[in-house]
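J.: Only the shape, not the letters, is given here:
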């Protein structure tokens, strides 16, 4: 009987450790930046000179890599989804509404997958593979 109690306590301890580890993992997803903060560029330089910069809930896009922001706005994270809302700059008429994407950050590579967005230029640029600048 004593062996069963020790086994039960050990099993419960392992379960709690695993559960708490999962909670810590979940807390990572609730961080404002989601690991995105910093500057990103197209992995394939032949796709263009875009630079996308994230900074704690805001973003800016430099279309030609000249250091000037051409579009800026706010982003919100919800698990593996990101919502972009343009606030200023060279915003097309079809880009007045938010765009929603799934994102995957793996090492220094960032991928977006369209969920819903009426902004053709945003859809086209976010379809590219991004790397940290």
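T.: It's in. Because the structure is a prediction, the values reported are computed rather than measured.
J.: Only C-alpha atoms from now on, for both contacts and neighbour counts.
T.: Noted.
J.: for this protein, what spans make up the helices?
T.: Assigned by DSSP state H, the helices in the chain fall at 2-29, 120-126.
J.: Show me the contact partners of the shortest one.
T.: The reference is to helix 120-126. 94-95, 111-114, 117 (C-alpha atoms under 8 Å, 6 or more residues apart in numbering).
J.: Please spell out which residues along it are buried.
T.: Buried residues in helix 120-126, counted by 16 or more other C-alpha atoms under 10 Å: 122-123, 125-126.
J.: What of stretch 89-97?
T.: In stretch 89-97, counting by 16+ other C-alpha under 10 Å, buried: 91, 95.
J.: Span of that stretch from start to end?
T.: Stretch 89-97 has an end-to-end distance of 14 Å (criterion: C-alpha to C-alpha, to the nearest Å).
J.: What of stretch 88-102?
T.: 23 Å.
J.: mean confidence score for it?
T.: For stretch 88-102, mean pLDDT rounds to 95.
J.: ditto for stretch 113-126
T.: Stretch 113-126 comes out at a mean pLDDT of 97.
J.: Just checking the distance from it to the centre of its chain.
T.: 14 Å (C-alpha atoms, centre = their mean, to the nearest Å).
J.: Fine, thanks again, bye for now.
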